[in-house]
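Novice: Below: sequence and its predicted model.
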Amino acid sequence: MIMRISTRTIFDHGKNQLASLQTNMSRIQQQLSTGRKNLAPSDDPIATARALEITQSQSVNTQLVTNRQNARSSLSQEEVALSSTTSLLQDVKTLAVNGGNGSMTNADRGMIAVELEARLTDLLGIANTADGAGGYLFSGYKDSIPFARTSTGAIYQGDQGERTLQVGSTRTLAISDSGSSIFEANPTGNGTFQTGADPANVTRGGSGIISPGSVTDANAITNHQYEINFSRTPGSPGIPDTVTYTVTDLTLGQPVPPNPNPPDPIPYKSGETIAFDGLQFEIHGNPADQDKFTVNPSNKKSIFETLQDVITALRSDATGEVGQAKLNNLLNSANANIDNAIDNVLSVRASVGARLKEMDYLDSAGEDLNIQYASTLSDLQDVDTITAISNFTQQQISLEAAQKSYKTLTSLSLFNFIG
């Protein structure tokens, strides 16, 4: 049986075939020009959805890179400020030690006090360092200036907040430290207890100098308040004065064991170690009758207040043995506080350094993630150029063959043979 095909059917079928081939060829051409194998979400819905998720994760990772750059900038500023603080406090310590030299006159110490005034102003400037973004490095969450000068040093006007920033998908990092924790939270004395001389010792003519002391047994420390009371019995010609002392636990209101009650006086010898309840210290010089020395638990003190104490001490009269003893007692206490302040600043610097180091690791991990994301997106979106060119060439040959056959087929007509 012979099927008759109309001329219109031949034309329509040929046009449809040519249009289909041209569409396929055009699609491959777009893939080559854009570098994407999926030109519309409908081409591969699953791959498109997955690519969107990867793109979002990539954007988050890019933002985290920016966050780490901002965090590193802030922490680097803090590191510079803390480095300057360390150098300044070490300079202050040197000046304070020089100020205790017994060969200096009151005028010499006055000049050192003037220099320390400048150091105090410099330290206040460091503590009030701006962060370059309209705020201050050490003000906590507040935008106001952290420290204001007072007659006793400086007062903190910020808060205890630490500004944080998300620097990893699951990591939030502190990018600042409160000024209070750096410049005010400095332990006094040796960090466990602090020794001191009764101011009235000067009026009694005593020249005893007490050392900051140290801990011998941390388990025996009571954190009580103690008082060392001296008694001097005048001697006779050829026989020196008899100097003794007793130790009283003011917290319990009783003598310190192993002394009986009432306590037996302990003979005093200049520079000899005095030890009880897990602590020890020395007293040098010649305490007067009824002179007192104290041992109290360590507390917190502002470094600005400590510097002001040093300045005040250096400007006081320190002539004679009694005056020199008063100055040395004040400077010994201040020097111990300065050492603690330096240790505290170094501790914060170590924390800042650890945070900067952590961001180096996070940067490395972020770079690895970016490579992984780019590779996954390439697999999902990028066209295989070699395959696409091969398909384009094949479609081109097919289209040319179809065009030629269409031309030949449409040119066949019975009228061409009727003469």
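Specialist: Done, it's in. Fair warning: this is a prediction, and the values are worked out from it, not measured in the lab. Numbers count the residues shown, from 1 in each chain.
Novice: Let me know the secondary structure of L123.
Specialist: The three-state assignment at L123 reads helix, by DSSP: H, G, I helix; E, B strand; the rest coil.
Novice: Now it: closest residue in space that isn't a chain neighbour?
Specialist: Closest residue in space to L123, ignoring its immediate chain neighbours: L88 at 5.6 Å, by Cβ to Cβ, 6 or more residues apart in numbering. All C-beta spots, glycine's among them, are computed from the backbone N, C-alpha and C.
Novice: Can you give me the neighbour number for that neighbour?
Specialist: 20 (other Cβ atoms under 10 Å).
Novice: Next, the distance between the ends of stretch 192-212.
Specialist: Criterion Cα to Cα, to the nearest Å; first-to-last residue distance in stretch 192-212 is 10 Å.
Novice: any idea of the mean pLDDT in that stretch?
Specialist: Mean per-residue pLDDT for stretch 192-212: 94.
Novice: Buried residues in it, which are they?
Specialist: 192-198, 201-202, 204-212 (16 or more other Cβ atoms under 10 Å).
Novice: Helices of the protein, residue ranges please.
Specialist: 7-34, 45-99, 106-127, 179, 303-314, 320-381, 385-411 (DSSP state H).
Novice: how about the residue positioned nearest the centre of the chain, what does it touch?
Specialist: Nearest residue to the geometric centre of the chain (Cα atoms, centre = their mean): V352, 3.3 Å. Going by Cβ atoms under 8 Å, 6 or more residues apart in numbering, V352 touches L75, E78, E79, L82, D177.
Novice: Please tabulate the residues you listed in JSON lines and include pLDDT and distance to K357 as additional columns.
Specialist: JSON lines is the format used below for the contacts of V352 (pLDDT from 0 to 100; distance: Cβ to Cβ, whole Å):
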{"residue": "L75", "pLDDT": "93", "distance to K357": "10"}
{"residue": "E78", "pLDDT": "94", "distance to K357": "14"}
{"residue": "E79", "pLDDT": "95", "distance to K357": "12"}
{"residue": "L82", "pLDDT": "96", "distance to K357": "16"}
{"residue": "D177", "pLDDT": "92", "distance to K357": "16"}
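Novice: from those, which is closest to T319?
Specialist: L82 (39.2 Å; Cβ to Cβ).
Novice: so what's the closest one up against?
Specialist: L82 neighbours (Cβ under 8 Å, 6+ apart): I182, V345, V348, R349, V352.
Novice: again, only this time at 7 Å
Specialist: V345, V348, R349, V352 (Cβ atoms under 7 Å, 6 or more residues apart in numbering).
Novice: N229 touches V247, doesn't it?
Specialist: No: here N229 lies out of contact with V247, judged by Cβ atoms under 7 Å, at a distance of 8.1 Å.
Novice: Between the two, which is the more surrounded one?
Specialist: Here N229 and V247 are compared on neighbour count by other Cβ under 10 Å; more neighbours surround V247, at 20 against 17.
Novice: Look up the residues forming beta bridges with the more buried one.
Specialist: I228 (DSSP bridges).
Novice: measure it to T273 for me?
Specialist: 13 Å (Cβ to Cβ, to the nearest Å).
Novice: ok, now P267?
Specialist: 13 Å.
Novice: With neighbour numbers in mind, choose between the two.
Specialist: T273 (13 against 10).
Novice: so who does the more buried one touch?
Specialist: Q280, E282.
Novice: so how far is T306 from it?
Specialist: 27 Å.
Novice: neighbours around G278, how many?
Specialist: So G278, with other Cβ under 10 Å, has 15 neighbours.
Novice: ok, it touching H224?
Specialist: No: counting by Cβ under 7 Å, H224 is not a contact partner of G278; they are 10.9 Å apart.
Novice: quick one, what contacts V256?
Specialist: Y226, V247, T248, D249, F276, D277 are the contacts of V256 under Cβ under 7 Å, 6+ apart.
Novice: one more time with 10 Å, if that's ok
Specialist: T222, H224, Y226, E227, I228, T246, V247, T248, D249, P263, F276, D277 (Cβ atoms under 10 Å, 6 or more residues apart in numbering).
Novice: confidence score at the fourth one?
Specialist: In this case it means E227. For E227, pLDDT reads 96.
Novice: Name the nearest residue to it, ignoring sequence neighbours.
Specialist: E227's closest residue in space is T248 (Cβ to Cβ, 6+ apart), at 4.9 Å.
Novice: Distance-wise, check the one you found relative to D277.
Specialist: Distance from T248 to D277, by Cβ to Cβ: 12 Å.
Novice: Check Y245 too.
Specialist: 16 Å.
Novice: go on, S83?
Specialist: 39 Å.
Novice: Have a look at those two and say which one is more surrounded.
Specialist: Using other Cβ under 10 Å as the criterion, S83 and D277 rank with D277 on top: 19 against 14.
Novice: Now do the contacts for that one.
Specialist: D277 neighbours (Cβ under 10 Å, 6+ apart): 193, 216-217, 220-224, 226, 247, 249, 256-257, 295.
Novice: ChimeraX command for the buried members of these?
Specialist: Selection of buried members from the contacts of D277 for ChimeraX, criterion 16+ other Cβ under 10 Å:
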select :193,222,226,247,249,256,295
